[in-house]
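Trainee: The sequence and its predicted three-dimensional model are supplied below.
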Amino acid sequence: MAADARFITPGSFRKALNYRSLSLPSAALLKVILTGILLFVHDVAGAVCPCTYTPVTLDRVVDGNTAWFFVEGVRTEVHFALTDVPALRPGESGEAWCSGEGEKAIKAKALTERLLQSAEKLALDITATDPDGRTLAVVYADGFSVGQELMYKGLAVEKTEPSSWCD
């Protein structure tokens, strides 16, 4: 091996990563970047299915966060847990509704249909049953949370947030 050959050794790698030798702004920037990477990886990991959940087969999509699945051979209506999507049409209780909400609802349903119909594997993390008798579950398509995908696209919010789709 030539004396001037440049190889990465554990010592040289540690020396290159020694942020203490960096100027204060550079060290702070490095810490911010590394923190951002870790938070991004944590957020993405939270949206990925550990895939130990109940495998299902899609029957049909009702709206952006409701679908019928065959769960262990039984046709079951499933409402996506922790997700609120815009309504396709005004509710019977007279709550505020606008055409903008309807447009977003159509997009949410289309994305849900595309994700569920194109997935090779569908799985549910069943959490509860709502007062209407629907099964509440986090729905995974090829290992990714459909509810999270809807939120990333701005077509859903977490159930805990107030939602006004007409702003």
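Mentor: On my side now, so go ahead. Numbers count the residues shown, from 1 in each chain.
Trainee: biggest strand in this structure, by residue count?
Mentor: Secondary structure of the chain per DSSP state E: the longest strand is strand 54-63.
Trainee: which helices and strands does it pack with?
Mentor: When contacts are defined as 3 or more CB pairs under 8 Å, 6 or more residues apart in numbering; DSSP states H and E, strand 54-63 sits against strand 66-71, helix 99-118, strand 122-129. The C-beta positions use only the backbone N, C-alpha and C, and glycine is treated the same way.
Trainee: Show me what counts as buried in it.
Mentor: 56, 58, 61, 62, 63 (16 or more other CB atoms under 10 Å).
Trainee: Also stretch 69-82?
Mentor: Quick answer for stretch 69-82 (16+ other CB under 10 Å): 69, 71, 76, 78, 79, 80, 81, 82.
Trainee: quick check, nearest of those to residue 164?
Mentor: residue 82 (18.4 Å; CB to CB).
Trainee: contacting residues around the closest one?
Mentor: 138, 147, 158, 159, 160 (CB atoms under 8 Å, 6 or more residues apart in numbering).
Trainee: Now the residue nearest to residue 130 when sequence neighbours are not counted. Its backbone dihedrals?
Mentor: The shortest distance from residue 130 to any non-neighbouring residue, by CB to CB, 6 or more residues apart in numbering, is to residue 136 (5.5 Å). With angles defined as degrees, to the nearest 10, residue 136 sits at phi -100, psi 130.
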